[in-house]
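Enquirer: Dropping a prediction and its sequence here:
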Amino acid sequence: MTEAQRHNAILELLHHKRHVTVANLIEEFDISPATARRDINKLNDSGKLRKVRNGAEAVAQERTFWSPFNIHHASNLDEKVRIAQAAAALCQPGESVVINCGSTAFLLGQEICGQDIQVITNYFPLANYLIEEEHDGVVIIGGQYNKTQSITLAPQDEISSLYAGHWMFTSGKGITADGLYKMDMLTAMAEQKMLDHVGKLAVLADSSKVGQRAGMLFCNADRIDVLVTGQDANPEVVAKLREKGIEVILV
C-alpha cells in the first residue's frame with residue numbers, strides 16, 4: 001500500500017470511528033510506530049485530521065458527497081470509471097445482473113444502460129436513473145426505503161428467492177485473502193440474502209481497498225469469482241487472491 005492509499009484509508013477509518021490511536025493504526029495497517037506518527041503529522045499539517053495525544057481525531061468539516069448529479073465528487077473517480085467499464089464487459093446480452101449500492105455501482109449501471117441486460121437492484125438512485133433513461137429491463141427489489149443508504153430493505157427472507165441473476169456486482173470497504181468486508185450491516189445482510197441466487201459474484205473495489213479490513217466479513221474469498229480493481233492494488237494481496245482461484249482484473 002502506498003502512503004497516499006494509507007492516508008485515504010486512515011481518513012476513511014476516522015470518518016467512521018471519529019478517533020484513532022497510534023496503536024490502532026499500527027494494528028490496522030501493520031506499520032511501525034514511527035510511520036503511524038508520521039502519517040498523523042502529515043495529515044494534521046494538511047488539515048485533514050486533528051492530532052491529539054497518542055492519536056488523532058476527525059476534524060469537523062462539511063463533506064461533499066457524490067450523487068448521480070455530481071458524480072465527479074466520488075473518490076478515485078477515474079479508476080472507478082475503468083472498473084465499471086471492465087465490469088460491464090463481463091456481461092453478455094440477455095443476462096440478468098444484480099447491482100448493489102455505491103458510486104461504482106452507479107457507474108456500472110450507466111455503462112450497462114441501453115444494453116440487452118436486465119438489472120436487478122435495490123439501489124434507488126440507480127433504478128431511477130435506468131427508468132428515466134428508458135432502460136428496458138429494470139427489476140426493483142421491494143421493501144422499506146432506507147434513506148441513509150438510498151436502498152430498499154426487505155423484511156422477509158423469502159423476498160430474495162424471487163430474484164436470480166447471472167452476476168452480482170458488489171463492493172465494500174476492504175478486501176483481503178480472507179474475503180470481502182463491508183461497513184454497513186443492514187446493506188450487507190440484505191445483499192447476503194441474494195448470494196445463493198446468483199451465478200457469479202464480482203467485487204468492484206478501487207485499489208485503496210485491496211488489503212484493507214474494515215467492518216464485518218461479508219463473504220469468504222472462496223465465494224468471490226472475480227475482483228475488478230486498479231493497477232495500484234497491493235500486489236501481495238492480488239497474488240493471494242489469485243491463488244484462491246479468483247480472477248483478478250487490473251484496470
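Expert: Received it, and whenever you're ready, just let me know what you need. Residues are numbered from 1 along each chain as shown.
Enquirer: Let me see the contact set for Q85.
Expert: Contacts for Q85 (CB atoms under 8 Å, 6 or more residues apart in numbering) come out as E111, V251. Yep, even glycine has a C-beta here, placed from its N, CA and C like the rest.
Enquirer: Pull the distance from the host helix or strand of it to the chain's centre.
Expert: For Q85, the enclosing helix or strand under DSSP states H and E is helix 77-90. Helix 77-90 sits 13 Å away from the centroid of its parent chain (CA atoms, centre = their mean, to the nearest Å).
Enquirer: Output it as CSV, nothing but the C-alphas.
Expert: Taking Å, rounded to 0.1, in the frame of the first residue of the first chain, the C-alpha atoms of helix 77-90 are listed here in CSV:
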residue,chain,number,x,y,z
LEU,A,77,-13.4,8.6,-9.9
ASP,A,78,-11.1,7.8,-12.9
GLU,A,79,-10.2,4.4,-11.5
LYS,A,80,-13.9,3.6,-10.7
VAL,A,81,-14.9,4.5,-14.3
ARG,A,82,-12.3,2.0,-15.6
ILE,A,83,-13.6,-0.6,-13.1
ALA,A,84,-17.2,0.0,-14.2
GLN,A,85,-16.2,-0.4,-17.9
ALA,A,86,-14.4,-3.6,-17.2
ALA,A,87,-17.3,-5.0,-15.2
ALA,A,88,-19.8,-4.1,-17.9
ALA,A,89,-17.7,-6.1,-20.4
LEU,A,90,-18.2,-9.2,-18.3
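Enquirer: Check the model's average confidence along it for me.
Expert: Mean per-residue pLDDT for helix 77-90: 95.
Enquirer: again with stretch 240-251
Expert: On average, stretch 240-251 scores 97.
Enquirer: and if you look at stretch 20-35?
Expert: On average, stretch 20-35 scores 94.
Enquirer: Would you mind measuring the gap between the ends of that stretch?
Expert: One end of stretch 20-35 to the other measures 15 Å (CA to CA, to the nearest Å).
Enquirer: ok, so what distance separates the residue sitting furthest away from the middle of the chain from G142?
Expert: Most distant from the centre of the chain: R53, at 32.1 Å, with distances by CA atoms, centre = their mean. Separation of R53 from G142 (CB to CB, to the nearest Å): 50 Å.
Enquirer: again with D30
Expert: 43 Å.
Enquirer: ok, now N234?
Expert: Taken as CB to CB, the span from N234 to G142 is 39 Å.
Enquirer: what about these two, which has more around it?
Expert: N234 (21 against 13; other CB atoms under 10 Å).
Enquirer: Look up the closest residue to V237, ignoring the ones flanking it.
Expert: G211 (4.4 Å; CB to CB, 6 or more residues apart in numbering).
Enquirer: Does the one you found touch M1 like I think?
Expert: Yes - using CB atoms under 8 Å, G211 is in contact with M1, at 5.8 Å.
Enquirer: Name the SS class of M189, please.
Expert: With DSSP: H, G, I helix; E, B strand; the rest coil as the basis, M189 sits in helix.
Enquirer: Next, the buried residues of the helix holding Q85.
Expert: L77, E79, K80, V81, R82, I83, A84, A86, A87, A88, L90 (16 or more other CB atoms under 10 Å).
Enquirer: got the residues you listed as JSON lines, with distance to I71 columns?
Expert: Shown next, in JSON lines, are the buried residues of helix 77-90 (distance: CB to CB, whole Å):
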{"residue": "L77", "distance to I71": "7"}
{"residue": "E79", "distance to I71": "14"}
{"residue": "K80", "distance to I71": "9"}
{"residue": "V81", "distance to I71": "9"}
{"residue": "R82", "distance to I71": "14"}
{"residue": "I83", "distance to I71": "14"}
{"residue": "A84", "distance to I71": "11"}
{"residue": "A86", "distance to I71": "18"}
{"residue": "A87", "distance to I71": "16"}
{"residue": "A88", "distance to I71": "16"}
{"residue": "L90", "distance to I71": "22"}
